[in-house]
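S.K.: could you work out the structure for the sequence below:
(2 chains)
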Amino acid sequence: MYARWVLTALLAWPLLAGLMVLLLPARLAKYVALAASLIEFAISVPLWWTFVPSGGMQFVADQNWIAAWGIHFTVGVDGISLFLVLLTTFLMPLSILGSWSNITEREGGFYALLLVLTTGMIGVFVALDLFLFYVMWEVMLIPMYFIIGVWGGDNRLYAAIKFFIYTMFGSLLMLVAILVLYLHAGRATGVYSFSYAHLLSQVGQLGPVAWWLFAAFFLAFAIKVPMFPLHTWLPDAHVEAPTAGSVILAGILLKMGTYGFLRFALPFFPAVALNQNVQLVIVVLSLIGIIYGGLVAMVQPDFKKLIAYSSVAHLGFVMLGIWALTLQSVQGALLIMINHGISTGALFFLVGMIYERRHSRLIEAYGGIARVVPLFAAILTIVSLSSIALPGTNGFVGEFLVLLGSFRTYPIATALATTGVIVAAAYLLTALQRVIYNPLTDSENEKLRDLTLREIAVLVPLLACILWVGIYPKPFLRRMEPAARTLIEQMRPGAATTAGQP
Amino acid sequence: MTLDPSVYHDLLLSLLPELVLTGWALVLLLFVAWRHKTVRDLRVAGWLTLLALVSTAIATWWLWWNRAGVQGLVTMIAADDFRWVANWVFLGAAALTVLISFAYLEREQLLAPEYYVLLVFATLGMMVMAAGADLMVIFLGLELMSVAVYVLAGFDRRRARSAEAALKYFLLGAFASGFLLYGIALVYGATGTTNLGLIGTQVSVMSKPSVMLLAGLALLIVGFAFKIAAVPFHMWAPDVYDGSPTPVTAFMATGVKAAAFAALFRVMNQAFAHVPASQDILWWLAVVTMIGGNLFALSQRSLKRMLAYSSVAHAGYLLVAVTAGGAAGTSAFLVYVIAYTLMSLGAFAALTAKGRGGESDVLIDDLAGLAGQRPWLAFALAVCILSLLGFPGTAGFIGKWYILIAATSAGQNTLAAILVLTSVVSAGYYLPVIMAMYMKPEPIEAAHVDVRLDRWGRAAVAAVVVGLLLFGVWPNRLFDLARSAGDSVQPAATTAAAPTVKGPLEGVKGH
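M.R.: Just a heads-up that it's a prediction; the model follows:
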């Protein structure tokens, strides 16, 4: 019963709740939205225990939708998507709670959009029908567009339209690629279906057209990740979005790109993805992302922009880990995806909280506030250290696994990527020092209030996760392993069996 | 029910919808001859028109339900599902136009019930065009439609822009008709017939199409391209759309365009399916129209002009379906025409609420803050705009997806890629509308107090929004209809030797 309905319920409930929020009076909106997102989280939590670590899809639901095109409503999760679904349901209540004081206009619309966005995001992660996947991929675009455009900062219109057009550009070419795949599989078998399994079974005989299709998928996902030359929408969107928007953007939306690579681009086109030149290009772009992202972050005067560029660097590690295709590196990449959601989410929350008090995101506006707001300073320190990947925090486990695993495939690139960790320490520790240590020079900062109970309630779950993953990552790795193994087996038959558990 | 057109009774039966509408048109004409002074007369004429449209739709439905078909090859009138579906599109567009015209005519003081008579005659012309299996019948329908629409374009005769629109439309339209007629003459010279099926048979046995036939084909395409406003024959469209009263613009952008497309589709599919040159011409026309329409629309600041150029761009998308051809192309074409009619009419209807005096001066930025004051209207316009953009969850997306399937299954991958890339460009002019409504503050206090639709206008917009969302999520019934219609317009059977591309929708089995 639970297994059959849980994913459908996870998709339907936020939509329903979003409608409810719209219809109820605006002053109730935040309470209803929080309750709804907590219920959503409660529905999703048993997934953690009922999930059986094996390579296949679980909790599958399948329903005929548009028969004329062979479109089904098919959903399911495996070790890759499980954590992304849980991350989504985990971050949503926090985002809603975290927006209570900074969203004061048109609250009903804001919370309703957040809930609709939840459906879109979960839909992307669980869709096993490429039509459904594409619909969900686009559906989440609209709420985010509105969240940035209506509740964002001064330059919000520019950021919103840039975000929209970048994403749409990539996704529409992916749409054509999906159609070509669909027709190819249909002609080969006589069965026209957008089902993931069906298409996957027919990609072997694509021939040279696979290059074009891979390019289309690559573009869509690389924009979302974002990979180096396609990243320019990200700082704008992050900086202009309201706090909840930034948290979700960094925490979940970016993962859609890397998820897309893991789920679609790699298994569909293994020959292209493992071509020497393609590997070279992707590894070089990831490296540029890691190092360039870090260096640009170093010179940002705006704290939010600094975090945005640090995302480019973190996602570079993920891409490196995915393409290295060893068990450790893929698991590490999956873990970084989760860690980045938690740590960067927490950083955006913290910046949002201090911004609400002081109305400045500039690093130089602060200094020495550890004496004024000790609790804030302590949490910011812990979260920053986790983002730098200090041992004992979640960041370390992920980055260590990626570096360890990638070293076997790309020794030189991995050696260079290691410098990225040092760069991360350089920009975050410097920023940390300038914000909370240093002498307290600005008198305005003396009046800052420390964190309220509500804000602590937002941050504590994130801190708990940082320590949990940092100290005892085994439950995560155990659930990821079979899926990672399956992926490697699909890509390099025989390789997964030789790779051991670290 | 098989009809034999050589029998008088059967011939009349196959023309039943047209006869019903003609009867009503005469009734209306009599009515307005007697009563044409007061607002009340205007309203009654409007209701009579709605009645006429509904009864014609029922007559069409009756023929569809009885699976009416015409026996024999040489007929002037086709009786197939394609025609019935096209009829419903025209009648639906006309009915929605009537609904938004009630308040508009009164507000703009256009108190002449002849408006509705012209609307009915134009609709009749469209139906004849979709029914024509002979170039002469198609030409008759085209002229009947065009003459009525020329007058409608200039209906607001006190405004210079409306008069300009009518004159421009008339002069250029007359030229286009001339081209079309000349094309028909040349095709007749090359094949000795004006019947589409016979031309198709003649063409398929020709080893190489003669120069005369190609010249005739080119002139035919020019004539149709003018009516559908394809680049580079679109020059009239923005000015005419801009100057005409907005309900007329909505009708022109949907009904007139759909009719010209239906005729073009039938001509290309039944008569010229085996002339390679026709494919090439249509391919280029589609590419140029998609690129041109979208790029021109990008620089528009007036909402009405933007929608005018966007309708040029959508003509390009529809041309992709025509180029793809085959059963999938036909179904895709019908689905997209239905979706496009709904969303375009909805957008124009919303525009009538905002503007005064022809609406040509409503800038996109003038909608700033509309969502705060008129949330439902803003929502409706946003749905129409997103559908025009081809966003999932709306009928526009389903239609675009269908066209893409048709194009890729016909091997037109480049065309599909150009379609999606130009769709990205279209975000550049559609999104500012949404941005203005939702993300910008009102320019002055109470900027939108007089923005309102009467209850019939609201009903029309609501019907459009419901239709768009319903077809966007649950298009199954629409597909069934479009598919059976698509199968009914295929090239003549004697040409079966030529390889036809197998559509993806034949023999689809559930996974």
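S.K.: what about the strands in chain B?
M.R.: Taking DSSP state E as the test, the strands found in chain B are B:2-3, B:69-70.
S.K.: distance from the chain centre to stretch B:426-445, please.
M.R.: Averaging C-alpha positions (C-alpha atoms, centre = their mean, to the nearest Å) puts stretch B:426-445 27 Å from its chain's average.
S.K.: do stretch A:12-19 as well
M.R.: With C-alpha atoms, centre = their mean, you get 22 Å for stretch A:12-19.
S.K.: what comes up buried for that stretch?
M.R.: A:13-15, A:17-18 (16 or more other C-beta atoms under 10 Å in any protein chain shown). The C-beta positions use only the backbone N, C-alpha and C, and glycine is treated the same way.
S.K.: stretch A:341-357 now?
M.R.: A:341-355, A:357.
S.K.: and stretch B:453-467, by the same measure?
M.R.: Buried residues in stretch B:453-467, counting neighbours by 16+ other C-beta under 10 Å, are found at B:453, B:456-458, B:460-461, B:463-465, B:467.
S.K.: outside of that stretch, which residues touch it?
M.R.: B:96, B:99-100, B:102-104, B:342-343, B:345-346, B:349-350, B:352-353, B:377, B:379-380, B:383-384, B:395 (C-beta atoms under 8 Å, 6 or more residues apart in numbering or on different chains).
S.K.: figure out how far it is from the centre of its chain.
M.R.: The mean C-alpha position of stretch B:453-467 is separated from the chain mean by 19 Å, C-alpha atoms, centre = their mean.
S.K.: give me the neighbour count for B:R301.
M.R.: Using other C-beta atoms under 10 Å in any protein chain shown, the number of residues around B:R301 comes to 13.
S.K.: who's in contact with it?
M.R.: B:363-365.
S.K.: if you set the cut-off to 6 Å instead, what comes out?
M.R.: Counting by C-beta atoms under 6 Å, 6 or more residues apart in numbering or on different chains, B:R301 touches B:L363.
S.K.: low pLDDT regions in the chain?
M.R.: Since no chain was named, I'll use chain A. Within chain A, the stretches with pLDDT under 70 are A:494-502.
S.K.: that was the other one, I meant chain B.
M.R.: Checking chain B against pLDDT under 70 turns up B:72-74, B:357-360, B:490-511.
S.K.: need the residue closest to the centroid of it.
M.R.: For chain B, the residue nearest the mean C-alpha position is B:A258 (2.1 Å; C-alpha atoms, centre = their mean).
S.K.: isn't it up against B:Y336?
M.R.: No: using C-beta atoms under 6 Å, B:A258 makes no contact with B:Y336, being 10.0 Å away.
S.K.: circling back to that earlier point, can you say which of the strands of chain B is nearest to chain A?
M.R.: Taking C-beta to the nearest C-beta, strand B:69-70 is the member of these nearest to chain A, at 23.1 Å.
S.K.: ok, now which ones touch the spatially closest residue to B:L470 that is not a sequence neighbour?
M.R.: Nearest in space to B:L470, with sequence neighbours left out and distances taken as C-beta to C-beta, 6 or more residues apart in numbering or on different chains, is B:A395 at 7.9 Å. When contacts are counted by C-beta under 6 Å, 6+ apart, B:A395 touches B:339, B:387, B:468, B:471-472.
S.K.: whatever residue of the stretch 101-250 of chain B ends up closest to chain A: neighbour count?
M.R.: Of all residues in the stretch 101-250 of chain B, B:V231 sits closest to chain A, at 21.3 Å by C-beta to the nearest C-beta. When neighbours are counted by other C-beta under 10 Å, B:V231 registers 24.
S.K.: also A:L385?
M.R.: For A:L385, using other C-beta under 10 Å, the count is 22.
S.K.: how about B:L419: what's its closest non-neighbour residue?
M.R.: B:V320 (5.6 Å).
S.K.: strands of chain A, start to end?
M.R.: A:58-66, A:71-77.
S.K.: just name the most buried of those strands.
M.R.: Highest mean neighbour count among those (mean count of other C-beta atoms under 10 Å in any protein chain shown): strand A:71-77, with a mean of 23.
S.K.: figure out how far that one is from the centre of its chain.
M.R.: 21 Å.
S.K.: name the residues of the stretch 1-150 of chain A found near chain B, please.
M.R.: A:66-68, A:70, A:135, A:138-139, A:149-150 (C-beta under 6 Å from any C-beta of the partner chain).
S.K.: inside helices: which ones of these?
M.R.: A:135, A:138-139, A:149-150 (DSSP state H).
S.K.: from these, which two are the most distant?
M.R.: The two members of these with the most space between them (C-beta to C-beta) are A:V135 and A:V150, at 23.2 Å.
S.K.: type out the ChimeraX command that picks the buried ones from the ones in helices among the residues of the stretch 1-150 of chain A next to chain B.
M.R.: A single ChimeraX command is used to select the members of these judged buried by 16+ other C-beta under 10 Å:
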select /A:135,138,139,149,150
